[in-house]
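Novice: quick one: sequence plus predicted model below, questions after.
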Amino acid sequence: MSAAAANGTTVAAFPAARKGTYTFLKDARGTAHVYLMTDVDATRIKQARKDAGSKISFVSYVVKAAAQVIASSPEARAVLRPGLRLKVATVGDVHAKVLFDKRTADGQRCVVSGTVFRAEQAEVEEIQQIIDTYKNADLEDPSGPWAQLAKVQRLPLPVARLAYRAVTRKPERRTALQGVFSVTSVGQEPVRAIFPMINGALGFGVGRIVDSPVVRGGEIAIAPLFTLSLAFDHRLLDGAQAAELLAATKDVLENWGSE
C-alpha cells in the first residue's frame with residue numbers, strides 16, 4: 001500500500017524485487033573499486049556466432065574468454081576474508097556470475113544473477129545453454145533457478161542481509177553465489193559502456209557493438225567494436241595485474257577460433 005501526500009508524492013514499501021540488489025550493494029560498498037576499459041574488435045566473434053547459427057550471445061563468449069584467462073591467474077581467483085587477521089583465499093573453480101534484467105509477475109523490474117559453474121571447463125555452447133535457462137525462467141517458479149531468490153525477496157531487509165552474510169562467509173559458498181567474476185551487459189541498448197559494481201575481485205562490463213573506424217595496415221577500415229570494461233578490487237589486485245587480465249581477455253576474444 002502506498003500513501004499519497006498533498007503534493008502528489010507517494011511513499012511505498014521498498015520493492016521486494018529489489019531486496020537482492022540492495023543486499024548486494026551493501027556488501028559491494030566495502031570493496032575498493034578501480035576501473036579499466038578497452039575496445040574489442042568483435043569480427044572473429046561475429047563470424048563464430050554466424051557459424052553457430054547466431055544462437056550464442058556475445059556475453060557467452062566474454063564469459064568463456066574471461067574464465068579461461070582467470071583460470072591461469074591465482075591472484076584473479078582471490079577472495080578476501082576480513083577479520084582481525086586479514087586473509088586471502090584462492091579458489092580453484094572459476095564460477096561466473098551473469099546479470100539478467102527481469103520482471104516480476106506484477107511488472108516490477110529488477111536485476112538478478114545466475115551462476116555458470118566452472119566456466120573455464122565449459123564450452124561456449126554449454127555456457128549459452130545455462131544462460132538461456134536463467135534467461136527464460138520465471139522468477140516466481142518455485143522449481144526454477146530463481147527459487148532461492150524468491151525466498152530472499154519475501155524476507156525483511158535486515159533478515160535478508162543477515163542471511164546473505166551467513167551464506168557468503170566461506171569463500172567456496174561466496175564464489176558459488178557471486179562468482180569469481182561477474183559479467184553484465186548493456187549491449188541491448190545504444191550504450192557504449194557500463195562500469196559494474198562488484199563484491200568480488202573482478203567484474204566485466206559489455207557495451208553495445210558498433211561499426212567503428214579502425215586502422216589496419218596503415219589504412220582506415222570499419223570493424224565491429226565494443227567496449228569491455230573491468231572493475232577490480234584494488235585490495236586484491238594492482239592496476240598492472242588487472243590491465244594484464246583485461247588485455248589477455250581482449251586477445252582471446254579478438255583471436256577467437258585461431259588457436
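Specialist: Everything's here; your move.

Novice: mind checking the backbone torsions on Gln128?
Specialist: Gln128 adopts backbone torsions of phi -60, psi -40, taken as degrees, to the nearest 10.

Novice: how many neighbouring residues does it have?
Specialist: 22 (other CB atoms under 10 Å). Placement of C-beta: from N, CA and C, glycine included.

Novice: do I have it right that it meets Phe58?
Specialist: No. Counting by CB atoms under 8 Å, Gln128 stays clear of Phe58, with 10.5 Å between them.

Novice: show me which residues of the longest helix along the chain are buried.
Specialist: In the chain, with assignment by DSSP state H, the single longest helix is helix 239-254. Neighbour counts over helix 239-254 (16 or more other CB atoms under 10 Å) mark 242, 244-246, 248-250, 252-254 as buried.

Novice: and it, C-alpha only, in PDB?
Specialist: Written as PDB, here are the backbone C-alpha positions of helix 239-254 (Å, rounded to 0.1, in the frame of the first residue of the first chain):
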ATOM      1  CA  GLY A 239      46.500  -1.900 -11.800                       C
ATOM      2  CA  ALA A 240      49.200  -3.700 -13.700                       C
ATOM      3  CA  GLN A 241      47.800  -7.100 -12.900                       C
ATOM      4  CA  ALA A 242      44.300  -6.100 -13.800                       C
ATOM      5  CA  ALA A 243      45.400  -4.500 -17.000                       C
ATOM      6  CA  GLU A 244      47.100  -7.800 -18.000                       C
ATOM      7  CA  LEU A 245      43.900  -9.700 -17.300                       C
ATOM      8  CA  LEU A 246      41.800  -7.300 -19.400                       C
ATOM      9  CA  ALA A 247      44.400  -7.300 -22.200                       C
ATOM     10  CA  ALA A 248      44.500 -11.100 -22.200                       C
ATOM     11  CA  THR A 249      40.700 -11.400 -22.300                       C
ATOM     12  CA  LYS A 250      40.600  -8.900 -25.200                       C
ATOM     13  CA  ASP A 251      43.300 -11.000 -27.000                       C
ATOM     14  CA  VAL A 252      41.200 -14.200 -26.600                       C
ATOM     15  CA  LEU A 253      38.100 -12.500 -28.000                       C
ATOM     16  CA  GLU A 254      39.800 -10.900 -30.900                       C
END
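
Novice: please name every helix or strand in contact with it.
Specialist: Counting contacts by 3 or more CB pairs under 8 Å, 6 or more residues apart in numbering; DSSP states H and E, helix 239-254 is packed against strand 33-41, helix 43-51, helix 58-71, strand 202-206, strand 219-233.

Novice: quote the end-to-end distance of stretch 212-226.
Specialist: For stretch 212-226, the first and last residues are 9 Å from each other (CA to CA, to the nearest Å).

Novice: same check, this time on stretch 78-85
Specialist: Distance across stretch 78-85, first residue to last, is 16 Å (CA to CA).

Novice: give the buried residues for that stretch.
Specialist: Here stretch 78-85 shows 78-80 as buried, counting by 16+ other CB under 10 Å.
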